[in-house]
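Enquirer: Okay, here's the prediction I keep looking at, along with the sequence it came from:
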Number of protein chains: 2
Amino acid sequence: MKALEEKILREGTVLPGNVLKVGSFLNQQMDSDFIMEIGKEVARLFGNEGVTRVLTVEASGIALAVAAGIALHVPSVFAKKHKSANMPKEVYTASVYSYTHKETYEIAVAKEYLGSEDRVLIVDDFLANGNAVQGLMRIIEEAGATLVGCAIAIEKGFQGAGDKLRAEGIRVESLAIIDSMTDESVSFRVQG
Amino acid sequence: MKALEEKILREGTVLPGNVLKVGSFLNQQMDSDFIMEIGKEVARLFGNEGVTRVLTVEASGIALAVAAGIALHVPSVFAKKHKSANMPKEVYTASVYSYTHKETYEIAVAKEYLGSEDRVLIVDDFLANGNAVQGLMRIIEEAGATLVGCAIAIEKGFQGAGDKLRAEGIRVESLAIIDSMTDESVSFRVQG
């Protein structure tokens, strides 16, 4: 998605530790019209897949999941993050290790919001090491639901998780794939 | 908003401690088309007020803030929640006491996303004791920005915070105001 690459180049900042800050339009502040454009692009890519649920993790994934849900006209669900493993029985859970915060947290989805009849699209703002996506995939598996694919705004291609998922046969569509980045430049993968 | 009242009666559950559970369409699971209808209703109510920013608190406010931002074509910003008071200097902060979790947390907004030129609309899913809204109001004041008003999906009228804000001259528009609720019935305030 050309518009996303341009926005990253114009408004993004590369911070130490391979962190790409896009808080001005994709995270703490959300450029509403642009978020909706991303939602529509996700719907264009996955509109024929019979998606019944969009699934993400709080908090930074919610905006894109809502926009994708609006564009696809299906409900979106977000997994809640908890530090403890004390979860009630009526939820699906998975452990996720966060490289950013150097800790393991639990994600949970109430069983009533995900079932074996569901065709689920994972939506998230970033795909870096893939831990969050893998946690969501375990929850989908626990629910007996079908994973349709992953729609990601920004994939850090140089971390390899996206290509690993693709090699496993999972459809991963990233609207921008960063192949390398430094303080001064960001290189995007050319997508067909 | 008649459709919201009907949805609360159909899908909401009253839990002990005056908790109204609407997770099936407004919180953990989001009914996308309905969330967008709420966004459009907020835009209808505040569309002539020159709003430049929609402001909410993570995580449950984000979906409605995004929808309102899309409908108003302005950016939405969410305050992050932290348990500690150790905040960098480049953020506005406020302390908020949560009755639900019986603890005080800090909310923070990066200064770059809110300025004195902004006309801010607070959006949230619930207004109960008003602590979250008051925290957001302190952040708007710190930024020297102008508070346009508050757009709330569900106000617990019987807790009084909404009417207190109205008595202070703040425009509070709640799409459903619950005047009383029990396990068996929910009564809504008739709005003009």
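Expert: Cool, got the structure. Numbering: from 1, shown residues only, chains lettered A, B, ... in the order given.
Enquirer: okay, and for chain A, where does confidence drop off?
Expert: Applying pLDDT under 70 to chain A flags the ranges A:83-88.
Enquirer: again, 90 this time
Expert: Scanning chain A with the threshold set as pLDDT under 90 gives A:15-19, A:82-89, A:98-103, A:183-184, A:192.
Enquirer: Alongside chain B, which residues does it contribute?
Expert: A:23-25, A:28-33, A:35-36, A:54, A:58-59, A:62-63, A:65-67, A:69-70, A:72-78, A:80, A:109-110, A:112-113 (Cβ under 8 Å from any Cβ of the partner chain). Just so you know, the C-beta spots here come from the backbone N, C-alpha and C atoms, and that holds for glycine as well.
Enquirer: among those residues, which ones are buried?
Expert: A:23-25, A:28-32, A:35-36, A:54, A:58-59, A:62-63, A:65-67, A:69-70, A:72, A:74-78, A:80, A:109-110, A:113 (16 or more other Cβ atoms under 10 Å in any protein chain shown).
Enquirer: What sits closest to A:Phe188 if chain neighbours are left out?
Expert: Nearest non-adjacent residue to A:Phe188, counting by Cβ to Cβ, 6 or more residues apart in numbering or on different chains: A:Glu5, 5.1 Å away.
Enquirer: cool, and A:Ile107?
Expert: With Cβ to Cβ, 6+ apart, the residue lying closest to A:Ile107 is A:Ala79, at 4.0 Å.
Enquirer: would the one you found count as being in a strand?
Expert: Yes: secondary structure of A:Ala79 (DSSP: H, G, I helix; E, B strand; the rest coil): part of a strand.
Enquirer: wait, it sits on A:Ile139?
Expert: Yes: between A:Ala79 and A:Ile139 there is a contact at 6.5 Å, judged by Cβ atoms under 8 Å.
Enquirer: In terms of packing, which of those two has more residues around it?
Expert: A:Ala79 (27 against 24; other Cβ atoms under 10 Å in any protein chain shown).
Enquirer: Give the bridge partners for the more buried one, please.
Expert: A:Val57 (DSSP bridges).
Enquirer: ok, which stretches of chain A are strands?
Expert: A:13-15, A:19-21, A:29-30, A:53-57, A:76-82, A:91-98, A:103-110, A:119-127, A:146-156, A:172-181, A:186-188 (DSSP state E).
Enquirer: Out of those strands, which is the most enclosed?
Expert: Comparing those by mean neighbour count (mean count of other Cβ atoms under 10 Å in any protein chain shown), strand A:53-57 ranks first with a mean of 28.
Enquirer: May I have it exported as CSV, CA atoms only?
Expert: The C-alpha atoms that make up strand A:53-57 are tabulated as CSV, following Å, rounded to 0.1, in the frame of the first residue of the first chain:
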residue,chain,number,x,y,z
ARG,A,53,-14.5,-12.5,12.9
VAL,A,54,-11.5,-10.1,13.0
LEU,A,55,-9.2,-10.8,15.9
THR,A,56,-6.5,-8.6,17.4
VAL,A,57,-4.7,-7.9,20.7
